[in-house]
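*Asks:* Predicted model follows, preceded by the sequence.
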Amino acid sequence: MISDLHNVCFGEDNEVLVKKIYQENPDGILIGGDLLIGKPGVSVLPALSFVRQAVGCCPVYYSLGNHEYRMKVNPERFEHQYQRYERELQKAGVILLENQHITLKDKKTSVNIYGLELPMKYYERKRRHGLSQRELNLLLGKPEESAYNILLAHNPRFTDAYLDWGADLALSGHYHGGMVRLPFTNGLISPYMTLFPKYCHGLFTKEGKYAVVSAGMGEHTIPLRIFNPREMLVIRLQPEV
């Protein structure tokens, strides 16, 4: 899983990151959003170049973060840059999951990968909205109980709602690991300016279900990381014995 790259490059044209991904020999690459920086005039080419290289390794499943979504719903402000970006992603073979899912099957197992696209009101700092099961069902539909359901959901603030909805594994980012990591904490501050948020970074379990929140690989606006390494997640799923 790659999240919150924000146009950061590791080596020339991200050759270091791409090489590391290939070394892991993954079955799929899950992108949890914010590969780019959603500000007018900022190029999408670093993100696009990375994805074009990644698809040569294995299937790439891409769920939007708030930066991509902001560009998507404000085309005039961003001079239709997201729409061009999306066309290039599709041309490269990226599987975009915009409140959609894809089913992967073998002889014994069915795995659904969902991509949640939350409206911008769920990212507001001043007015905080709750996320209901009804809203998740309207956005995603009801999960298939007989399948293993993976949910790419950029914003970890609603992790409890994701797991209650039916995700067996919820994958998020967005908080950048809390920027500062202190002893015995999993992150100092959220984008909503709350201290020590519950789901900031790490692995969490709830009633046999799992959530992983990535510290991300980049940053923007406030380029701050203290005791908070950049992170590419390698997730191994094993069948029950």
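*Replies:* Now that the structure is in, tell me what you want to look at. Because the structure is predicted, anything quoted here is derived from the model rather than measured.

*Asks:* The chain: helices as residue ranges?
*Replies:* Taking DSSP state H, the helices of the chain run over residues 15-24, 45-54, 66-73, 81-92, 133-140, 159-165.

*Asks:* just so I know, which of those lies nearest His174?
*Replies:* helix 66-73 (7.1 Å; Cβ to Cβ). Backbone N, C-alpha and C define where each C-beta goes, glycine included.

*Asks:* With mean neighbour count, distance to Gly178 and mean pLDDT added, can I get the helices of the chain in a markdown table?
*Replies:* Putting the helices of the chain into a markdown table (neighbours: other Cβ atoms under 10 Å; distance: least, Cβ to Cβ, whole Å; pLDDT from 0 to 100) gives the following:
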| stretch | mean neighbour count | distance to Gly178 | mean pLDDT |
| --- | --- | --- | --- |
| helix 15-24 | 15 | 22 | 97 |
| helix 45-54 | 19 | 23 | 97 |
| helix 66-73 | 21 | 17 | 96 |
| helix 81-92 | 16 | 28 | 97 |
| helix 133-140 | 16 | 25 | 96 |
| helix 159-165 | 20 | 15 | 97 |
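
*Asks:* Would you reformat the ones you listed as a markdown table and include distance to Pro119?
*Replies:* Below are the helices of the chain laid out as a markdown table (distance: least, Cβ to Cβ, whole Å):
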| stretch | distance to Pro119 |
| --- | --- |
| helix 15-24 | 30 |
| helix 45-54 | 22 |
| helix 66-73 | 8 |
| helix 81-92 | 15 |
| helix 133-140 | 9 |
| helix 159-165 | 14 |
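
*Asks:* To Thr185, which of those lies closest?
*Replies:* Nearest to Thr185, of all the helices of the chain, is helix 159-165, at 16.8 Å by Cβ to Cβ.

*Asks:* what does that closest one contact?
*Replies:* Contacts of helix 159-165 with the rest of the structure, by Cβ atoms under 8 Å, 6 or more residues apart in numbering, involve 116, 131-133, 136-137, 140, 143, 151, 153, 170, 172, 198-199, 204, 206-207, 209, 211, 213.

*Asks:* filter the residues you listed to the buried ones?
*Replies:* Among the contacts of helix 159-165, the ones that count as buried by 16 or more other Cβ atoms under 10 Å are 116, 131, 136, 140, 143, 151, 153, 170, 172, 199, 204, 209, 211, 213.

*Asks:* Looking at Leu237 now. What's its pLDDT?
*Replies:* On pLDDT, Leu237 comes in at 91.

*Asks:* Cross-check the contact I'm expecting between it and Leu171.
*Replies:* No - applying Cβ atoms under 8 Å, one finds Leu237 not in contact with Leu171, separated by 11.8 Å.
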